[in-house]
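>>> What follows is a predicted structure for the sequence shown.
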Amino acid sequence: QQEILRVSDLSTRFFTQEGQVNAVADLDLRIERGEVFGIVGESGSGKSVTARSIMDLIEPPGEITDGSIEFHDSDLADAVRDDYPEAVDGEYVDLLEVPPEIRESLRGTSFSMIFQDPESSFNPTLTVGEQLAEAVEVQRRASSRPRSTRAKTEEYSFGSFALSTVLPSKKYVTEESRNRAIELLELVGIPDPVERADEYPHEYSGGMLQRAMIAQALAGEPDVLVADEPTTALDVTIQAQVLDLLADLQEETGMTIVLITHNLGVIARMCDRVGVMYAGEIVERGSLEDVFDEHVHPYTEGLLGSLPDLDGTTGRLQPIAGNVPSLLDSEMENRCYFADRCPKAMEDCLDHPPEYDAGGDDHEVRCVLAERRYDRTRALPDGYF
Ligand code: SF4
Ligand code: MG
């Protein structure tokens, strides 16, 4: 399988008044083209910062301070090879080694992101159809120019950058883009798309608006869709529908999805491989089977032990006893960050563990137990989510 994204040694820090916060540290990820890769962890584990780092959406006082984010794209590699040779490795381009305007030009066409809160993606004063048509137009203009010259002036934006800040108040750009907008609404399962295109965001239900946001993210036919808690705000039935939609779209388009969630039920339902995050690190990653059935890290064990109620009412993790450690650089100690909460902590854990190979196919664990390959007997309960 071809890796579409290779994230290596990624560190994202926030320089706050209290000091330096290591939100993401030395993170490695390998994402294969066409897979659904899940990132799971409690809130504050660094999963959203990871997603935003990949999307180049980190803003001051945050900063990506180290690492590389290599994207597999032979056309892009050819386009930037002469000007930024250090950014190119074969058909991969390190997005952190090219100017921001090139990264920006990839948004929507190579990478798109969807969020928990669809309202933030829409301008309340324009119809949903107008906004989708605008997204289609912007992506079309952006992709009709050679990549290296795509400039920042194409102010397509999405997510928490509200479209309202950049879009002129206008009706459909062309009939063609209107038709494409309607097609997109149809693609994401909005009933009566011709009529619904002319409605305003507030006329949509939460689930419908979530679908419309997905349509907006797909306007530029991205290779990678980063979905940050895309269904968390929805009730369980609608959650399942939106997840099914994402799975169907993934199958139809072959796009790669990076799915961020605190919900292991969502991971189990959607993902091929998964990374478990804790305190800004991936502490365990592997196939679904590795992580659910063969996991080694006590934090993964804890997450599985605190699966949501089997009736699926909340879909939320019950907290594991204890607190997430401070990520303030001045307070971080050179030991396993989970040690305070870990029922299996021992003396060896006083050194910060490296990633160990835990067997399996690319099954890596940041825990001394992986070295010892202790026996794990806990199995996943049936019927969650
Ligand atoms: Fe627990 Fe030690 Fe493993 Fe950390 S390294 S998770 S403290 S056993
Ligand atoms: Mg988050």
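On my side now, so go ahead. Ligands and ions are numbered 1, 2, ... in the order given.
>>> mind listing the helices in the stretch 1-150 of the chain by residue range?
With DSSP state H, counting those that start in this stretch, the ranges of helices along the stretch 1-150 of the chain come out as 47-54, 74-80, 100-106, 128-143.
>>> Can you point out the buried residues in the third one?
Of the residues in helix 100-106, those scored as buried under the neighbour-count criterion (16 or more other Cβ atoms under 10 Å) are Ile102, Arg103, Glu104, Ser105, Leu106. (C-beta placed from N, C-alpha, C; glycine too.)
>>> Among those residues, which one sits closest to Met277?
Arg103 (23.2 Å; Cβ to Cβ).
>>> Quick check: nearest residue in space to that closest one, chain neighbours excluded?
Spatially, and ignoring its direct neighbours in sequence, Arg103 is nearest to Asp56 (4.6 Å; Cβ to Cβ, 6 or more residues apart in numbering).
>>> okay, now that neighbour: neighbour count?
Neighbour count for Asp56, taken as other Cβ atoms under 10 Å: 17.
>>> is it true that it touches Glu101?
No. Asp56 is beyond contact range of Glu101, at 10.8 Å (criterion: Cβ atoms under 8 Å).
>>> Endpoints of stretch 85-102, how far apart?
Start and end residues of stretch 85-102 are separated by 14 Å (Cα to Cα, to the nearest Å).
>>> In contact with the residue in the stretch 101-250 of the chain positioned nearest to ligand 1, which residues?
Closest to ligand 1 within the stretch 101-250 of the chain is Glu229: 25.2 Å, counting by Cβ to the nearest ligand atom. Glu229 sits next to Ser48, Phe115, Gln116, Ile260, Thr261, His262 when contact means Cβ atoms under 8 Å, 6 or more residues apart in numbering.
>>> Tell me the one of those nearest Ile214?
Phe115 (10.7 Å).
>>> Neighbours of the closest one, how many?
Residues contacting Phe115 under the criterion other Cβ under 10 Å number 24.
>>> got any ranges where the protein has weak pLDDT?
Of all residues in the chain, those with pLDDT under 70 make up the ranges 145-172, 306-319, 373-385.
>>> Which residues of it lie near ligand 1?
Residues of the chain found near ligand 1 (Cβ under 6 Å from any ligand atom) are 297-298, 336, 338-339, 342, 344-345, 349, 353, 367-369.
>>> Just the buried residues out of those residues, in ChimeraX syntax.
In ChimeraX, this line selects whichever of the residues of the chain next to ligand 1 come out buried by 16+ other Cβ under 10 Å:
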select :297,298,336,338,339,342,345,349,353,367,368,369
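>>> now, which of the residues of the chain next to ligand 1 lie within helices?
Residues of these located in helices (DSSP state H): Pro298, Val368, Leu369.
>>> Contacts only, for the last one.
With contacts taken as Cβ under 8 Å, 6+ apart, Leu369 has the following neighbours: Val296, His297, Pro298, Lys344.
>>> residue contacts, the third one?
With contacts taken as Cβ under 8 Å, 6+ apart, Pro298 has the following neighbours: Phe338, Cys342, Pro343, Lys344, Cys367, Leu369.
>>> how close does the nearest residue to Phe111 once chain neighbours are set aside get to Tyr84?
Counting by Cβ to Cβ, 6+ apart, Val224 is the residue found nearest to Phe111 once chain neighbours are left out, at 4.9 Å. Between Val224 and Tyr84 the computed distance is 21 Å (Cβ to Cβ, to the nearest Å).
>>> In terms of neighbours, single out the busier of these two.
Taking other Cβ under 10 Å, Val224 and Tyr84 do not tie; Val224 has more neighbours (21 against 17).
>>> I'd guessed that one sits against Thr256; true?
Yes. Between Val224 and Thr256 there is a contact at 4.7 Å, judged by Cβ under 8 Å.
>>> Mind listing the shared neighbours of these two?
By Cβ under 8 Å, 6+ apart, Val224 and Thr256 have these common neighbours: Ile4, Leu5, Ile31.
>>> Please identify which of these is nearest to ligand 1.
For the shared contacts of Val224 and Thr256, the nearest to ligand 1 is Ile31 (24.7 Å; Cβ to the nearest ligand atom).
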